[in-house]
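Engineer: dropping the sequence and predicted coords here.
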Amino acid sequence: MKVEPSKPNEGSREGASDTFRMAERTICDLEAFSRIFELMSFADRIQELSPEEIAETAHRLCELPANPGNTMSLEEVVFWAGVATGMDLSRSMQQDLLDEGSASKIEAYSSLLAYSTKNAVVDITLQQLEPSEARE
């Protein structure tokens, strides 16, 4: 069941404020998902990049915003925590602490979720680009 937000009274100051907050939230969501998608795309094409391009992109992706407590979404924080966990798992695999079978299982599972995340980002972006009448 899909829950639709109630429509504010369009002529009221409260309605304008609600609309502004919804637009702000949408922009924040898209910014967070675009950063997540950018990192995933970077990982997909890393073999095609020069060492300089890799260093430049990694540096840019890892710059904290001015006020991360207010500007980073929970989705973005959780995603970066997943990146750190993935890197730890990779190190464990290289040090033979994680067996090949378990590593393959984790990789297959995470690859499925990465694919789903990419599709979700595309869907969210397309929904935001549609005229508002089409979503109602």
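Structural biologist: That came in fine, so what should we check first?
Engineer: pLDDT below threshold where in the protein?
Structural biologist: 1-29, 131-136 (pLDDT under 70).
Engineer: swap the cut-off to 50 and go again
Structural biologist: 1-10, 133-135 (pLDDT under 50).
Engineer: for it, just list every one of the helices.
Structural biologist: Remark: helices assigned in the chain by DSSP state H are 13-44, 51-61, 68-71, 74-94, 100-129, 132-135.
Engineer: can you list those helices in JSON lines and add mean neighbour count?
Structural biologist: No exception for glycine: its C-beta is placed from N, CA and C like everyone else's. Listed next are these as JSON lines, based on neighbours: other CB atoms under 10 Å:
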{"stretch": "helix 13-44", "mean neighbour count": "14"}
{"stretch": "helix 51-61", "mean neighbour count": "11"}
{"stretch": "helix 68-71", "mean neighbour count": "9"}
{"stretch": "helix 74-94", "mean neighbour count": "13"}
{"stretch": "helix 100-129", "mean neighbour count": "12"}
{"stretch": "helix 132-135", "mean neighbour count": "7"}
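Engineer: apart from its neighbours in sequence, what residue is nearest residue 61?
Structural biologist: Leaving aside its sequence neighbours, residue 61 sits nearest to residue 39 (CB to CB, 6 or more residues apart in numbering; 5.6 Å).
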